[in-house]
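Visitor: Here is the input, now give the coordinates:
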Amino acid sequence: MDHEALAHAAAVVGAFGACGLLLARERLLFFGGLATLAAAEAGLAYALVPDAPSLLTASAARIGALGIMVLLGLALAAVFVRYPAAAPVALLVVAPFRLPVGLGSQEAFLLIPLYGVLAAATVALAYRVLVDEEFRAVPYLIAGPTAALLALSGISLLWAKDLRAGTIELVFFYFPFSVLLSIVALTRPRDWTWRALATALVAVTSLFAAIGVYQAWSHTEILAKQDVQLSNAYSAFFRVTSVFQDPSVYGRHLVLGIVVLLTALWLALVRPRVGLPVLGLLVLGLYFSYSQTSFVSLFCAVLVVSLLAGDRLTRRVVIAVSAALVLAAGIGVLAEGGGDSTREVTSDRLPLVQSTWPVYAAHPVIGVGIGSQPLMSTREEDARRRKSKNVSHTTPLTVAAELGTIGLLAYLAFLGALGLAIFEAWRRYRALGLALAGCLTTLVVQSLFYGGFFEDPFVWGIAGVAAATLSFLPQRAAGRT
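Guide: From the prediction side, this is the model:
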């Protein structure tokens, strides 16, 4: 990168801005944090792609298209001002979709629809904060650990070994998702909000599943990565990706829909004649992903929901069946050949973990900086025998390697605070708490084998919903289902 000093300065500014936005207890600090974050985003974007301004204004057509996008964004912001509770639902609907975008000489799949809706929702939130008589703040239980994690992540760019990768992480994920969390947390829910969120998630994931089932039937590929295409060409089974590049990402979204629908069916919030066919479609779509991490995360999420929602007999049955399944799986792995089978079952995850641990061992306090673990793993290990990008596929280990022990503690504090907030949400609104617990379990478990935890907007959305529950749902709602 040609503008290293600018990237470093913008990252530090963004770290302070994210903390100000999340921890603000008065309007001045809120707007200061928001403005600082906007400046940091602009600085990081320019450092990453210096010719972006000239590309956007290279022709009259591009200028006109940019103007139309701005007008559409302002119109959407006006809708969110009039109907604030619609913003979280709109953000959920567009959150999964990625579009190809050129970043200099490289092409990346980015959450462009989400960024557009997020910008409009940010403008609407700023207007509401400006005109409302009462200023609402993100509860400290969520704001504190999240701000600490974001501050450390931003500042770590100062010593990041892979400046470009770290800049991408901050400008496209960490900093904008801090705004996403704030929008959801500071938006007062209506009586229909939770049902709308659940319905939107199940509807979107059902669409993904329908596309996946069609792909399995027709053996067609849309956006699958090259390694998936090669696997489909030479293996006995055909893995589908729907509108995603990777079967595991596709499976992750389907599991979220399955968990929410199962919760609604368990609590009799959806009629079986309506919910069961949709559940069947989601399960069928998940099957054709052949994603082991998705199956494991579904098992764990259903286990958590069942233990929380069931009575004493149900819990005993669930624990017994789960123990039997785990024992059978372990025996099956050992029977197939021990270590070689374990490596195959984990899809070669063990070597990736082994290539990441030396990075943490060499930099145990503050790590190698955000986004730098893959590059440093390649340098630490024999690159000729390893993959060119040794992504650990294990979020805790990646956090430890990039942010050190300090970052690992911040990550655990974030998860702990989120768990406490979801428990409180479960006490106030049982259905919402169960759904949040199942969804968070899905994301955490899959992140142990696949990674991409903090790059998933659903993680930050769950944190925002949990924070909104603490702020807006009264204690007397404890008996609601």
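
Visitor: ok, Ala95 - contacts?
Guide: Residues in contact with Ala95, defined by Cβ atoms under 8 Å, 6 or more residues apart in numbering, are Leu111, Leu114, Pro457, Phe458, Gly461. Heads up, the C-betas are built off the backbone N, CA and C, glycines and all.

Visitor: now, which of those residues sits nearest Val89?
Guide: Closest approach between the contacts of Ala95 and Val89, by Cβ to Cβ: Gly461, at 10.7 Å.

Visitor: Which residue is the nearest non-sequential neighbour of that closest one?
Guide: Val184 (5.9 Å; Cβ to Cβ, 6 or more residues apart in numbering).

Visitor: what's around that neighbour, how many residues?
Guide: A count of nearby residues for Val184, using other Cβ atoms under 10 Å, gives 26.

Visitor: quick one: which helix or strand includes Ala108?
Guide: For Ala108, the element it lies in under DSSP states H and E is strand 106-110.

Visitor: ok, residues contacting that strand?
Guide: Strand 106-110 is contacted from outside by Arg98, Leu99, Pro100, Val101, Gly102, Ile168, Phe172, Leu223, Gln245, using Cβ under 8 Å, 6+ apart.

Visitor: Tell me which of those fall in helices.
Guide: Judged by DSSP state H, the contacts of strand 106-110 include Ile168 as members of helices.

Visitor: farthest-separated two in the contacts of strand 106-110?
Guide: The most widely separated members of those are Ile168 and Leu223, with 19.4 Å between them, by Cβ to Cβ.

Visitor: Where do the helices of the stretch 201-350 of the chain begin and end?
Guide: Per DSSP state H, counting those that start in this stretch, the stretch 201-350 of the chain has helices spanning 226-234, 247-266, 272-287, 292-309, 312-335, 339-345, 349-362. These are given in chain order.

Visitor: between the fourth one and helix 272-287, how many degrees?
Guide: So the one you mean is helix 292-309. In terms of direction (axes from the mean of the first three to the mean of the last three Cα atoms, to 10 degrees), helix 292-309 departs from helix 272-287 by 150 degrees.

Visitor: Ok, the first one next?
Guide: Helix 226-234 runs at 90 degrees relative to helix 272-287, counting by the same axes, to 10 degrees.

Visitor: C-alpha coordinates for helix 226-234, PDB please?
Guide: In PDB, the C-alpha atoms belonging to helix 226-234 read as follows (Å, rounded to 0.1, in the frame of the first residue of the first chain):
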ATOM      1  CA  GLN A 226     -12.900 -22.600  -8.100                       C
ATOM      2  CA  ASP A 227     -12.100 -25.300  -5.500                       C
ATOM      3  CA  VAL A 228     -15.800 -26.100  -5.100                       C
ATOM      4  CA  GLN A 229     -16.100 -26.400  -8.900                       C
ATOM      5  CA  LEU A 230     -13.200 -28.800  -9.100                       C
ATOM      6  CA  SER A 231     -14.600 -30.800  -6.200                       C
ATOM      7  CA  ASN A 232     -18.000 -31.100  -8.000                       C
ATOM      8  CA  ALA A 233     -16.200 -32.100 -11.200                       C
ATOM      9  CA  TYR A 234     -14.300 -35.000  -9.700                       C
END
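
Visitor: Out of the helices of the stretch 201-350 of the chain, the one nearest Thr394 is which?
Guide: Smallest distance to Thr394 across those (Cβ to Cβ): 5.6 Å, for helix 349-362.

Visitor: Next secondary structure element downstream of the closest one?
Guide: Next along the chain after helix 349-362, taking DSSP H and E as the criterion, comes helix 373-380.

Visitor: If you count surrounding residues, which of Ile168 and Leu223 has more?
Guide: When Ile168 is set against Leu223 and neighbours are counted by other Cβ under 10 Å, the residue ahead is Ile168, at 20 against 16.

Visitor: before we move on, back to that, any chance of the contacts of Ala95 in JSON lines, with secondary structure and pLDDT too?
Guide: Rendered in JSON lines, the data for these read as follows (DSSP: H, G, I helix; E, B strand; the rest coil; pLDDT from 0 to 100):
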{"residue": "Leu111", "secondary structure": "coil", "pLDDT": "94"}
{"residue": "Leu114", "secondary structure": "helix", "pLDDT": "97"}
{"residue": "Pro457", "secondary structure": "helix", "pLDDT": "97"}
{"residue": "Phe458", "secondary structure": "helix", "pLDDT": "97"}
{"residue": "Gly461", "secondary structure": "helix", "pLDDT": "97"}
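
Visitor: Considering these, which is situated nearest to Gly438?
Guide: For Gly438, the closest of those turns out to be Phe458, at 12.1 Å, with distances computed as Cβ to Cβ.

Visitor: Can you verify my assumption that Met69 contacts Ala119?
Guide: No: counting by Cβ atoms under 8 Å, Met69 does not reach Ala119; the two are 9.5 Å apart.

Visitor: who has more neighbours, those two?
Guide: Taking neighbours as other Cβ under 10 Å, Met69 and Ala119 compare with Ala119 leading, 19 against 12.

Visitor: which ones are touching that one?
Guide: Neighbours of Ala119 in contact, by Cβ under 8 Å, 6+ apart: Gly73.

Visitor: Where does the prediction get shaky in the stretch 1-150 of the chain?
Guide: With pLDDT under 70 as the threshold, the stretch 1-150 of the chain has low-confidence stretches at 102-106.
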